[in-house]
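# sequence-free structure coming up:
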Ligand SMILES: Nc1ncnc2c1ncn2[C@@H]1O[C@H](COP(=O)(O)OP(=O)(O)O)[C@@H](O)[C@H]1O
Ligand SMILES: [Mg+2]
């Protein structure tokens, strides 16, 4: 059993209206000095068996092509082996 | 300067239709053994100065009440001091 | 015999009946196509209608792009098959890389439904030839993720090659780059459009009938091809 | 350990938490009597949800009966009260079903999901009749526009309704948005759905045919809303902390869209004997109702239910309110075909039971019997309360406190300022910020949508046959006089569909009130039911169904009594519909009906003076009927160009709404016998503005005269202002500025 976490974030050069709205709200609610907020997605995936070799390569490919859109987003992937 | 990462995930008992849709797609695209997928949000927040004491407490409060919806979501927060 | 225009239904497609009705009113014969079937029944053109395929849960169009029917449509499009993607269909076309760029969340972060003024910038595609260049029309617009994005060089390329098909006038409803409402591929057979011309084909139910030429255009194109 | 029927017999005195489940001691005693032993924990779960106020209507039943007893004679009703939704014949073999339901408490707790699942639930009611859903509407009530909690709940509720309805592909064709302090802490989210079918496709919720199979399909069952029915919907929400909060129901509109398509395919293929949606009380409700309506016996293997959460106990599975599930009765011979059609839509299905002749509903859990009950006792023979009620002690004083002494505008300039102020009042301001988040075009059959008086949908593309629906209620009127308040709500909805050119056929309702345990609230409820039943009889339109929502109150303060009334009307050809706004200059403007000095409960008294007192406007249903007949006939004869109902805010507001919609102004003169202020802002009922072209003027006036309907010529359309001759002129741009600024000023950021 493996636990895979894929974080997907808009590329830095792309305007993130959701992040901007959150930044404004944090400030209005009293948190000073908020310089930037970006909002992304996180996928937590439980996979049976061992995730390595071809399966890991496929996981990476799907993180890049399905879970994120390379035109506007970057992804990062970490695998935690699980009990 | 501090970098705060807040991950917001639906509580385990709450239906996650997004995660279900992703789980189906991963399977159709050839990744076997996907037991579960949960989709959450990630906020990456840059804060000027030192984030501790009252400000950190406020950040936690806002993570719970603004960034997440405690009725259906849990959050986790990590602070990384930054250059 | 009238042209046969395929209308694809994915799980969660909503405007398939409307697209079929528009084809019929334009004088074509709509043909139902099913997402799970790679047979596109020899149709002369294809419409990817609006809706929330797969609930739009991951990213609009991201999951549908991998449906069996899309393999045949992508192959066909590369060979010149006319393909029109409306709203969710446009999102599927960019996710399939048949068109460049991406569609992001509306700047307002709200779903928006409004009667939208557009300018037809290019009457040179298989789906716009029954308009004249610079014609102004009003058709419904309804989307939550219609904010067109491409990097500046891609935008310059689209503009330079006359591939911006339609632009928002008066109001940019979703924050689209350079007010872009629709684009086409190099060859002009593939068009992606955020607004909904299929909801503007009858005066009874639409704000105008100014969406109809999209559907007659492809019939004209097919006859003259 | 699972509590079984055998255990219940062996240990008859084991203590049970019936009170925590919302059952009263005498109700628990009755269950023991029915069963001749103590209930198992699963049986207790079933009875507690099914006997809750929300599912059993125990406080309201004795009053709701009048809708059947006083029902007018009509041929239009194909299915009456008692089914998931009533069915109305609209001609040419078409039938239409519609219903409105509340999701008030869940939407307060979690605005987005509460409202979304409210839409989901009512849509499944419509599908379960065999109909294709055509459109939704959303009558909403909130606290003051500028209250902080309104800022929390309104945007969430609106995006929940939009998020669900848009994704489902149903046009939103109307609704209401009303602000009043009594709804702070008790927002009302009512959702209406209308669907159509051919007569032969009508399906009912009954399990007939011994040996037939019970199939559960749709989403998997999880822990959603466990206890929600009994706790959330039936007892006042008290913030005892998050621990006691039942888990929230989450909607999946994508699954619901698949459910619609899959269900209609199996129904049309003739593969279904009976069908029921799963709403409040989940499997408990569906199985007991199906069995009770059918041959009377059913056996269920509960462990076969597909679960999202494997740790659920049988009690929780029985009570779960997971959304997007349906239950069908299928003959064994057709099961394979049924399953393959469902699977085509990627929907999961499993056989969970079988119809039998036992007269009992029995449920097994891994081979052990955990339920053995007479299904009727669960589904239909719940407790009935004759709750005490009496006229509130304050009612006379309220009615005596008339608005007659409130200072009124006295000159043209003051009238003009009053108009600009009122057109921007929260209750009269543009709701575009809200309705622009709803898809009104999908399906391509929307003929009229907001801000028209009624929503109108084309049902038959060939003939143009269609339906119109309006929902309404003025809770202030209902507070002043609940009996007439309900009749006024009916009158206004009836008028709204009529001005659009459609003939009223049937009524649905959603009765939102405070606590039934308060005798004064109960009086309001009983008066409203009596008023609605009498009104429906007088107008000849039957009540086909509805919903009751009690316990909408904070502490001792109840909401305004809010009997929302929906009227369904038919139009032979939607091409003939009458729009609300004039289309050209030089059209002639008439007011139909009588204007009187009536300001109690008016928007003017409320917004300008914060006053509520007196008696609401006089209701004259015979006048409403004549007005309706004149307008419907004129519409089909093509002699009326536009018509708009006169209600909240009075004639000046009506004319302004028409002018803003068309972009063309109007010049109107105050009739000689009327005070200018009364003319502009009184809320007398039974009135409408009608607009005709000069060519049709004589014919139209003659038709009014023939019907005995007063028609007064006010003036003509033209210019770019609303001008009341000799009083004032207000440019449309200025009116629009006031009208369109109010709501975005609070929510757009
Ligand atoms: N206010 C009312 N007026 C008329 N009928 C009502 C009213 N409230 C409930 N009913 C009827 O009682 C029956 C049960 O209502 P309800 O529990 O809401 O239905 P469902 O089980 O489909 O959710 C329905 O037929 C409904 O139309
Ligand atoms: Mg029902």
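All right, it came through fine. Note that the coordinates shown come from a computational prediction; the quantities given were computed from them, not determined experimentally. Ligands and ions are numbered 1, 2, ... in the order given.

# For chain B, what's its nearest residue on chain C.
residue C:57 (3.9 Å; C-beta to the nearest C-beta). To be clear about C-beta, it is placed using only N, CA and C from the backbone, and glycine gets the same treatment.

# how close does that residue get to chain D?
Look at residue C:57 and chain D: by C-beta to the nearest C-beta, to the nearest Å, they are 7 Å apart.

# didn't residue D:621 look like it was pressed against residue D:486?
No: at 11.9 Å, residue D:621 does not count as touching residue D:486 under the criterion of C-beta atoms under 8 Å.

# Overlap in contacts, the two.
Listed as contacting both residue D:621 and residue D:486 by C-beta atoms under 8 Å, 6 or more residues apart in numbering or on different chains are residue D:535.

# Looking at the two, which has the bigger crowd around it?
Between residue D:621 and residue D:486, counted using other C-beta atoms under 10 Å in any protein chain shown, the more crowded position is residue D:486 (32 against 20).

# any idea which helix or strand comes after the host helix or strand of that one?
Assigning secondary structure by DSSP states H and E places residue D:486 in helix D:482-499. Sequence order places strand D:503-512 as the next helix or strand after helix D:482-499, per DSSP H and E.

# Okay, now the sheet partners of that following strand, with direction.
With DSSP bridges as the test, strand D:503-512 is paired with strand D:543-549 (parallel), strand D:562-571 (antiparallel).

# Now that strand: buried residues?
For strand D:503-512, a neighbour-count test (16 or more other C-beta atoms under 10 Å in any protein chain shown) marks D:503-512 as buried.

# Report the contact partners of residue D:387.
D:59, D:516-517, D:519, D:522 are the contacts of residue D:387 under C-beta under 8 Å, 6+ apart.

# what's the answer for residue A:66, then?
B:22, B:25-26, B:29, C:58, C:62-63, C:66.

# Quick check: the gap between it and chain D.
With C-beta to the nearest C-beta as the criterion, residue A:66 and chain D are 17 Å apart.

# Now do the phi/psi pair for that residue.
Dihedral angles of residue A:66 (phi, psi; degrees, to the nearest 10) stand at phi -100, psi -50.

# Output the set of residues of chain D in proximity to chain B.
Counting by C-beta under 8 Å from any C-beta of the partner chain, chain D comes close to chain B at D:109-110, D:113, D:219, D:222-224, D:242, D:245, D:247-248, D:250, D:252, D:254-255, D:308-309, D:322-323, D:346.

# Using neighbour counts, trim those to the buried set.
When the residues of chain D next to chain B are checked for burial by 16+ other C-beta under 10 Å, the buried set is D:109-110, D:113, D:219, D:222-224, D:245, D:247-248, D:250, D:252, D:254-255, D:308-309, D:322-323.

# what's the burial count for residue D:93?
12.

# Buried among the contacts of residue D:387? Need that as a selection in PyMOL.
To isolate the buried ones among those in PyMOL, judged by 16+ other C-beta under 10 Å, type:
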select buried, chain D and resi 59+516+522
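
# out of the contacts of residue D:387, what pair is the most spread apart?
D:59 and D:519 (11.6 Å; C-beta to C-beta).

# how far off helix D:482-499 does the helix or strand containing residue D:526 point, in degrees?
Assigned by DSSP H and E, residue D:526 belongs to helix D:519-539. Going by axes from the mean of the first three to the mean of the last three C-alpha atoms, to 10 degrees, helix D:519-539 is angled at 40 degrees with respect to helix D:482-499.

# Which positions within helix D:519-539 qualify as buried?
In helix D:519-539, counting by 16+ other C-beta under 10 Å, buried: D:520-539.

# how about the strands paired with strand D:503-512, which one is nearest ligand 1?
Smallest distance to ligand 1 across those (C-beta to the nearest ligand atom): 2.7 Å, for strand D:543-549.

# and the helix holding residue D:526, what does it pack onto?
Where contact means 3 or more C-beta pairs under 8 Å, 6 or more residues apart in numbering or on different chains; DSSP states H and E, helix D:519-539 is packed against helix D:61-69, helix D:475-480, helix D:482-499, strand D:503-512, strand D:543-549, strand D:562-571, helix D:621-637.

# and chain C, which of its residues are near chain A?
Contact residues, chain C versus chain A (C-beta under 8 Å from any C-beta): C:58-59, C:62-63, C:66, C:94-95, C:100-102, C:104-109, C:149-150, C:175.

# From the residues you listed, keep the buried residues only.
Judged by 16+ other C-beta under 10 Å, buried ones among the residues of chain C next to chain A: C:58-59, C:62-63, C:66, C:94-95, C:100-102, C:104-108, C:149-150, C:175.

# Do any residues in stretch C:111-123 lie close to chain D?
Yes: for stretch C:111-123 and chain D, the contact criterion (C-beta under 8 Å from any C-beta) is met by C:111-114.

# Of the residues you listed, just say which sits nearest to residue D:286.
Looking across these and measuring by C-beta to C-beta, the closest to residue D:286 is residue C:111, at 32.4 Å.

# For chain C, which residues are neighbours of chain D?
So far as C-beta under 8 Å from any C-beta goes, chain C lies against chain D at C:11-12, C:14-15, C:17-18, C:21, C:50-52, C:54-57, C:110-114, C:140, C:142, C:144, C:196, C:198-199, C:202, C:204-206.

# Count residues in the vicinity of the residue nearest to residue C:222 when sequence neighbours are not counted, would you?
Closest residue in space to residue C:222, ignoring its immediate chain neighbours: residue C:3 at 4.7 Å, by C-beta to C-beta, 6 or more residues apart in numbering or on different chains. Close neighbours of residue C:3, defined as other C-beta under 10 Å, add up to 20.

# Where helices are concerned, which of the residues of chain D next to chain B count?
Among these, the ones falling in helices (DSSP state H) are D:109, D:113, D:254-255.

# So which of those residues is the closest to residue D:202?
Closest approach to residue D:202 among those (C-beta to C-beta): residue D:255, at 24.9 Å.

# who's in contact with the closest one?
By C-beta under 8 Å, 6+ apart, the neighbours of residue D:255 are B:17, C:55, D:218-219, D:323-324, D:347.

# Would you mind finding the longest strand in chain A?
Ranked by number of residues, the top strand in chain A under DSSP state E is strand A:34-47.

# List the buried residues in that strand.
So, applying 16+ other C-beta under 10 Å, buried residues of strand A:34-47: A:34, A:37-47.

# try stretch C:67-78
Neighbour-count burial for stretch C:67-78 flags C:67, C:69-70, C:72-74, C:76-77 (criterion: 16+ other C-beta under 10 Å).

# Just the mean pLDDT for that stretch, thanks.
Averaging pLDDT along stretch C:67-78 yields 96.

# Any part of it near chain B?
No: Stretch C:67-78 lies out of reach of chain B by C-beta under 8 Å from any C-beta, never closer than 8.9 Å.

# now that stretch, how far from the chain's geometric center?
Mean-position distance between stretch C:67-78 and its chain equals 16 Å (C-alpha atoms, centre = their mean, to the nearest Å).

# and what of stretch D:547-554?
Counting by C-alpha atoms, centre = their mean, stretch D:547-554 comes out at 14 Å from the chain centroid.

# hmm, that stretch in reach of ligand 1?
Yes: Stretch D:547-554 lies within reach of ligand 1 by C-beta under 6 Å from any ligand atom, at D:547-548.

# mind checking the end-to-end distance for that stretch?
End-to-end distance of stretch D:547-554: 21 Å, with C-alpha to C-alpha, to the nearest Å as the criterion.

# Can that stretch be said to contact ligand 2?
No: using C-beta under 5 Å from the ion, stretch D:547-554 never reaches ligand 2; the gap is at least 10.0 Å.
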